[in-house]
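K.L.:
below is the structure, and that's it, no one-letter string:
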């Protein structure tokens, strides 16, 4: 299962890099200026920094794990983007 979200921000690259570096201490990560992949225990988290948004895709084996992935990624993004309290990820699930 897969879920995708987009958060409008001009600091997408900054937040993506912070998330990748944060998780690199525990999980396998790969990132550059525009893309990041974090292999979380429940599945991969893929991020793309656009000039005006951060795009995030998470994958998991079942709906429960996918919901947990959405929550974990959103909570971490909110922590790093605390200066943008209106920044949210609105998830769209794919089969």
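P.N.:
Received the coordinates, thanks. No experiment lies behind these values; they were computed from the predicted model shown. Residues are numbered from 1 along each chain as shown.
K.L.:
from here on, just use CA atoms for contacts and neighbour counts.
P.N.:
Noted.
K.L.:
residue 66 contacts residue 58, doesn't it?
P.N.:
Yes. In this structure, residue 66 is within contact of residue 58 by Cα atoms under 8 Å, at 7.3 Å.
K.L.:
bridged to residue 55, which residues?
P.N.:
Beta-bridge partners for residue 55, by DSSP bridges, are residue 6, residue 48.
K.L.:
give me the common contacts of residue 66 and residue 58.
P.N.:
2, 3 (Cα atoms under 8 Å, 6 or more residues apart in numbering).
K.L.:
quick check: next helix or strand after the helix or strand harbouring residue 4?
P.N.:
For residue 4, the host element (DSSP states H and E) is strand 2-8. Remark: after strand 2-8, the chain's next helix or strand is helix 12-23, criterion DSSP H and E.
K.L.:
gap between that next one and the chain center?
P.N.:
Here helix 12-23 is found 9 Å from its chain centre; the criterion is Cα atoms, centre = their mean, to the nearest Å.
K.L.:
list the buried residues in that helix.
P.N.:
Judged by neighbour count (16 or more other Cα atoms under 10 Å), helix 12-23 contains these buried residues: 12, 13, 14, 15, 16, 17, 18, 19, 20, 21, 23.
K.L.:
list just the nearest of those to residue 54.
P.N.:
Relative to residue 54, the closest of those is residue 12; by Cα to Cα it sits at 4.7 Å.
K.L.:
which secondary structure elements does the least confident helix or strand in the chain by mean pLDDT sit against?
P.N.:
Least confident element among the helices and strands of the chain, by mean pLDDT, DSSP states H and E: strand 92-94 (a mean of 93). Using 3 or more Cα pairs under 8 Å, 6 or more residues apart in numbering; DSSP states H and E as the contact test, the elements touching strand 92-94 are strand 2-8.
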